[in-house]
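A.B. asks: give me coordinates for this.
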Amino acid sequence: MMRSVWVAATAALFCVPAVGCRPNVEQPEEPVQVVEHRVGPCRVVCESWMDPECGNVTHPRFPLYESIDSCVELCAEVDSVWHWGPQEDGSDACVGPWDDYVACLEPLSCEESLAHWGTPPTQEYPCKQQLQDRVSCGSDHPVSAEGEGS
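C.D. replies: Residues are numbered from 1 along each chain as shown. Next up is the predicted model:
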């Protein structure tokens, strides 16, 4: 009888550190809140960047997204750090630079797109000025710790 108690106690000790020995039940994720006017520009950038032939999905500085939609979600979400310059009133300070960047990025040929996504930042590449303007604007209007613009 003593042996069966010890075995049960030992199993219980192994069970707790291994996260409870319960079946994994995934908790439903909260839906991502996106800012609607960001979705279109984010889609252009994500589709260009993640294009399997003309983009740069293997760049080591960027995480790989599961899909273009997941990239768009991250870019367009309320608390995005993609240089939107969110303001306390809910607007974005950097819509103009974003529009200029997208207008430059959209018509690029595959060769130009490859150059845009793969050229080191110290060299010249298509849409470099527009990208720098967008990033500079976002730096001038950082996201606060609460996720709001300052």
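A.B. asks: going by C-alpha atoms from here, please, whenever you check contacts or count neighbours.
C.D. replies: OK.
A.B. asks: mind listing what the spatially most central residue of the chain touches?
C.D. replies: Closest residue to the average C-alpha location of the chain: L74 at 3.7 Å, with C-alpha atoms, centre = their mean. Shown in contact with L74 (C-alpha atoms under 8 Å, 6 or more residues apart in numbering): S80.
A.B. asks: gap between it and D133?
C.D. replies: To D133, L74 is 21 Å away according to C-alpha to C-alpha, to the nearest Å.
A.B. asks: swap in V143?
C.D. replies: Here V143 is placed at a distance of 17 Å from D133 (C-alpha to C-alpha).
A.B. asks: phi, psi of the residue nearest to the centre of the chain?
C.D. replies: The phi and psi values for L74, taken as degrees, to the nearest 10, are phi -60, psi -40.
A.B. asks: that one and W98, how far apart?
C.D. replies: Counting by C-alpha to C-alpha, the gap from L74 to W98 is 16 Å.
A.B. asks: do Y125 as well
C.D. replies: 17 Å.
A.B. asks: neighbour count winner among these two?
C.D. replies: Just comparing Y125 and W98: by other C-alpha atoms under 10 Å the higher neighbour count belongs to W98, 24 against 17.
A.B. asks: got the contact list for V72?
C.D. replies: So V72 contacts V39, C42, R43, C46 (C-alpha under 8 Å, 6+ apart).
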